[in-house]
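Participant: What follows is a protein structure lacking sequence information:
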């Protein structure tokens, strides 16, 4: 009997193979990328060596190959019985093939295919980046801005959302016990269309969350690995804890997640300090989209936010610059002090009186809460202000002072790991105090 356990074992084996394959091809393509002028320079190093970029494309391509090859494995039970390959003659002889065919989990197969369709989104971004590099005039004519780029992940999530809609899956939110009495005994709230709006916002957030904590060796892949491993442990725990029908969704989430961990670990091996490759924006989008797909397919779209606390905090901290309430430079990564070989806060300079009113309010709040390093100075006879760029990496440097690049990466990953530990506690221990049943 082929079940979820057998699928999980096969998935682990395939993921290990995907990791070794990604490691091999990354090594093979490093000189090819440099020869084809696909490289960048490490802004946090004294020596400006050519580093192959974007190597995340290779890892993503290996991932897709192995995941596509893995599609039949969860449905081996039906394939082994020749249910899908039986001809009309079997039906005429009364072998019951038609009845068995009707029991084939088409919805599960469609969920897997819809999720794969969504993970193809980063390759769309890569295609546009290729066009813009080859035809700079196209970028100038189209004048694509960030608000345009936000449409891509939202549109790519439509197949999975449509499947969720036609399958009539629940869109209600269970309320904690302490709200039942004040609300007249109501135990849940039906969100309806608001739930789908939440899913769209989750996809857009996840797709960009990894990308705005970037710029130093290993940080993009490192945070993705910690998040993905935490989600994988959560899924495995749920697979052996819930009923088979509910466990299937977590098993499907693992089908996307474990090969991602395998290929990302291979990429991290080459991207950690000192980096031999850069992952590029494509990896950041792919990682974020994969995490979002796993959450939607696994039916834990609210729990996923517990594993993304550093990314949520970084987004909230960055909002004044992301929405241009405070000037936002093109690169906000920490700057290298060549004398000490340590990273220091990168700064933004501006005239406070020229900020919009909301920007001035945000600046006052940040200064009074001591969330930024603030300096005032005179320039051309006018008063200027200087604050650190609003990213979690710069905030760590504000709190602990200048750090070596490797130590800064490890500090962020340690914080990410600590947040995952707290997330498990909140999800399974603290939640018991708020709800009668914790699934």
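Facilitator: Done, it's in. These figures come from a predicted structure and were not determined experimentally.

Participant: distance of residue 189 from residue 340?
Facilitator: In this view, residue 189 and residue 340 are 54 Å apart by C-beta to C-beta, to the nearest Å. C-beta here means a position set from N, CA and C on the backbone, and glycine is covered the same way.

Participant: what about these two, which has more around it?
Facilitator: Comparing residue 189 with residue 340 by other C-beta atoms under 10 Å, the one with more neighbours is residue 189, at 14 against 10.

Participant: and that one, that one's in a strand?
Facilitator: Yes - using DSSP: H, G, I helix; E, B strand; the rest coil, the assignment for residue 189 is a strand.

Participant: So which residue is smack in the middle of this structure?
Facilitator: residue 288 (2.0 Å; C-alpha atoms, centre = their mean).

Participant: Could you pull up the residues touching that one?
Facilitator: 153, 206, 207, 208, 209, 210, 211 (C-beta atoms under 8 Å, 6 or more residues apart in numbering).

Participant: most neighbours, which of those residues?
Facilitator: The most crowded member of the contacts of residue 288, judged by other C-beta under 10 Å, is residue 207 (29 neighbours).

Participant: which one is residue 252 nearest to, not counting chain neighbours?
Facilitator: Nearest non-adjacent residue to residue 252, counting by C-beta to C-beta, 6 or more residues apart in numbering: residue 297, 4.9 Å away.

Participant: what's the neighbour count on the one you found?
Facilitator: Other residues near residue 297 come to 27 when the count uses other C-beta under 10 Å.

Participant: ok, it to residue 61 distance?
Facilitator: Residue 297 sits 21 Å away from residue 61, taking C-beta to C-beta as the criterion.

Participant: Farthest-apart pair in the contacts of residue 288, please.
Facilitator: Greatest spacing in those, by C-beta to C-beta: 153 and 210 (12.0 Å).

Participant: which residues of the chain score low on pLDDT?
Facilitator: For the chain, the stretches with pLDDT under 70 are 1-2, 77-104, 106-107, 118, 121-150, 163, 166-169, 431-439.

Participant: about what we covered before: overlap of the contact sets of residue 153 and residue 210?
Facilitator: Jointly contacting residue 153 and residue 210 under the rule C-beta under 8 Å, 6+ apart are 285, 288.

Participant: The protein: strands as residue ranges?
Facilitator: 39-41, 50-52, 172-174, 188-190, 335-337, 342-344, 347-350, 374-379, 382-388 (DSSP state E).

Participant: same for the second one, what does it pack against?
Facilitator: Yep, that's strand 50-52 we're talking about. helix 4-35, strand 39-41 (3 or more C-beta pairs under 8 Å, 6 or more residues apart in numbering; DSSP states H and E).

Participant: Can you give me the buried ones in the first one?
Facilitator: When neighbours are counted by 16 or more other C-beta atoms under 10 Å, the buried residues of helix 4-35 are found to be 4, 7-8, 10-12, 14-15, 18-19, 21-23, 25-26, 29-30, 33.
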